[in-house]
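>>> got a sequence here, can you build the structure:
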Amino acid sequence: MEKNKKAKAIFLGDSKVGKSAIFSRITQNTFNEYNIATIGSICVPKIYINETKKLQITINFWDTAGQERYRAITKTQVYGSNIVIFCCEDENSFESIKEIWYKECEKLIDLSKCLKFILKTKCDIKCENENLLKEIKKYANKIDAIFFETSAKNNINIDALYESICFNVEKLNLDDDEAQIRINNINNKSKYNSSNCWC
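Have a look, this model is predicted:
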């Protein structure tokens with residue numbers, strides 16, 4: 001390939017909203033109904049190739065802890081992210097996206113230059129709040145994010161999500177050499193600090 005670029009995708013959201021399940025589906029096409037809570041962070045790379053453009057992009061997917069006691073570790077992983085995937089399951093976790101996760105990201109990276117997604121997870125379970133989906137979609141439009149309803153358990157919209165990430169990642173400014181250096185440095189540090197990093 002003539003062009004080899006890197007991108008960093010991070011999953012953010014409260015604990016138990018299904019981030020790890022979506023992460024596992026995208027990176028390994030596996031599902032474990034009894035996933036334990038993520039401690040720290042986990043990184044798995046996937047390579048996207050566009051033969052027509054002779055372009056190869058390594059997308060490093062990061063799963064993060066949602067518990068408050070690990071939030072400082074999660075924040076360090078936000079740096080250098082090009083793709084931010086916010087996950088929510090119900091009203092409370094959706095409020096956390098608006099009041100905690102999005103605002104924290106704004107302090108750490110330029111979200112206007114990032115590809116953003118909002119996922120309503122566990123769509124195989126009936127949502128009791130009929131207005132919740134409307135509110136999430138409305139908020140997604142407000143922050144210029146792409147919205148998906150997903151189910152890792154039933155493998156609903158996982159392929160569509162990954163395809164959307166790959167399609168849109170080419171639109172990002174991955175030619176910024178300084179940004180590439182930051183991503184490489186962060187990944188190298190994370191290799192040293194995390195026994196769960198495969199990047």
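
>>> going forward, measure contacts and count neighbours with C-alpha atoms only.
Will do.

>>> any regions of the chain where pLDDT drops low?
Scanning the chain with the threshold set as pLDDT under 70 gives 1-2, 34-40, 66-74, 175-199.

>>> could you verify that D159 is part of a helix?
Yes. D159 forms part of a helix when assessed by DSSP: H, G, I helix; E, B strand; the rest coil.

>>> quick check: chain neighbours aside, which residue is closest to it?
Leaving aside its sequence neighbours, D159 sits nearest to I26 (C-alpha to C-alpha, 6 or more residues apart in numbering; 7.5 Å).

>>> quick one: what helix or strand has the one you found in it?
Using DSSP states H and E, I26 sits within helix 19-28.

>>> buried sites along the next helix or strand after that helix?
Using DSSP H and E, the helix or strand that follows helix 19-28 towards the C-terminus is strand 41-50. By 16 or more other C-alpha atoms under 10 Å, the buried positions in strand 41-50 come out as 41-45, 48-49.

>>> which of those residues sit farthest apart?
S41 and I49 (25.8 Å; C-alpha to C-alpha).

>>> and I49, how far is that from A152?
The gap separating I49 from A152 is 24 Å, by C-alpha to C-alpha, to the nearest Å.

>>> just E128 next, same as before
Distance from E128 to A152, by C-alpha to C-alpha: 19 Å.

>>> which one of the two has more residues nearby?
Each of E128 and A152 has its neighbours counted (other C-alpha atoms under 10 Å); A152 has more, 26 against 8.

>>> thought that one was touching I22?
Yes. With contact defined as C-alpha atoms under 8 Å, A152 reaches I22; the gap is 5.3 Å.

>>> what sits in contact with each of the two?
Residues touching both A152 and I22 (C-alpha atoms under 8 Å, 6 or more residues apart in numbering) are I158.

>>> all helices for this structure, in order.
19-28, 71-78, 91-96, 102-108, 132-142, 158-169, 177-193 (DSSP state H).

>>> of those helices, give the one that comes closest to L55.
Ranking the helices of the chain by proximity to L55 (C-alpha to C-alpha) places helix 158-169 first, at 11.4 Å.

>>> helices or strands up against the closest one?
Packed against helix 158-169, as judged by 3 or more C-alpha pairs under 8 Å, 6 or more residues apart in numbering; DSSP states H and E, are the following elements: helix 19-28.

>>> where does the helix it packs on sit relative to the chain's centre, distance-wise?
Between the centre of helix 19-28 and the centre of its host chain there is 10 Å, according to C-alpha atoms, centre = their mean, to the nearest Å.
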